[in-house]
Every structure is written in structure tokens, then in C-alpha cells.
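> sequence isn't available, so here's the structure alone:
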């Protein structure tokens, strides 16, 4: 069993290493300015399927502002998602057409590539584009920190609603 787990983790690490450079290329192609950072907390889950869904709560403090905007929503993964993850956090830069991101501007649907791996402590990478008129990018990579035993990869869909 332990040997199989090592093999799964090794395969996932190789896959993640292939996704990270692609994400950087995708991010370099986008135009816009860094409008701030989005920090999201997500619930833990157990999954043995090709689809998973988790509740998420996010905060953004736009650059040059003391205002903090809150969002709630879900993050779904379509692809391989096998294992257990405890609650975690995701942090990513917000790239927008302007640095003046108003309240509720991040509400909307985002989609892109996602990959996670955890064996005790873990990390993940996401490249998500969407929001208002598909003009906002969460990138170049949003980094996840989680605990658990999990391998996931595929398409990520993030739905955000202003609080």
C-alpha cells in the first residue's frame, strides 16, 4: 500500500511539474495590472471521484486600499480527485484591467487548470480566468496549502458571490 502511494505521489508530482510552466506561459499572455491578492479558505473534503466540490470563503484587499471585500462560493474540480484534504488556504494575485477593483468586482465564474498533491502537507496550483466579462485573472499561480492525503488534477471551476 505504501509503495502504491509513493507511485501515485510521484506521478502527480511529475504532472504538477508539467502544469506549472504551462500556467506561467498562460499568465504571461494576459494583459492587465495587479489589483491585489485574493486569500481564500476552503473546507476539507473526502473524494474518490472525477468531480469534487468544496465551499470557499475569500477576502481581497485591493492595492492601495484599506477596504476589504468578502466573497463566498464553491470551487469544483473536474478530473482526478482522490483522497482526503483538511481545510486549506489558497492565495493568488488578482490581475484586472485596472488597479481600481470596486466592491463585488470579483463576483462571477472562473475556470482553468488545477493540480494538487498532499501527503501530510501539500500544495496545489491553479490558473483561473473569469469574473466580470472574463477580464479578471487569478494568477500567475494561486498557491494552496493543505493537509491530507490527496492527488487531484484537471479543470477547476471557481464561483464567487459578493457578501
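Ah, there it is. None of the values given here were measured: they were computed from a predicted structure.
> neighbouring strands - and their directions - for the host helix or strand of residue 92?
In the assignment (DSSP states H and E), residue 92 maps to strand 88-96. Looking at strand 88-96 with DSSP bridges, its partner strands are strand 33-42 (antiparallel), strand 136-162 (antiparallel).
> now do the last one, average pLDDT.
Model confidence over strand 136-162 averages 75 on the pLDDT scale.
> what does the shortest one give?
Average pLDDT, strand 33-42: 88.
> how far off centre is it?
In terms of C-alpha atoms, centre = their mean, to the nearest Å, the centre of strand 33-42 is found 10 Å from the chain centre.
> again with stretch 63-75
On the basis of C-alpha atoms, centre = their mean, stretch 63-75 sits 15 Å off its chain's mean C-alpha point.
> buried sites along that stretch?
By neighbour count on 16 or more other C-beta atoms under 10 Å, the buried set for stretch 63-75 is 69, 71, 73, 75. All C-beta atoms are positioned from the backbone trio N, CA, C, and that covers glycine.
> repeat that for stretch 77-97.
For stretch 77-97, a neighbour-count test (16+ other C-beta under 10 Å) marks 77-83, 85, 88, 90, 92-96 as buried.
> and stretch 32-42, by the same measure?
Neighbour counts over stretch 32-42 (16+ other C-beta under 10 Å) mark 35-40, 42 as buried.
> and if you look at stretch 43-51?
Of the residues in stretch 43-51, those buried by neighbour count under the rule 16+ other C-beta under 10 Å are 45, 47.
> what does the average pLDDT come to for stretch 106-119?
83.
> same check on stretch 66-82?
Stretch 66-82 shows a mean pLDDT of 88.
> got a list of contacts for that stretch?
Residues outside stretch 66-82 that contact it (C-beta atoms under 8 Å, 6 or more residues apart in numbering): 8, 40, 42, 47-62, 90, 103-107, 114, 150-163.
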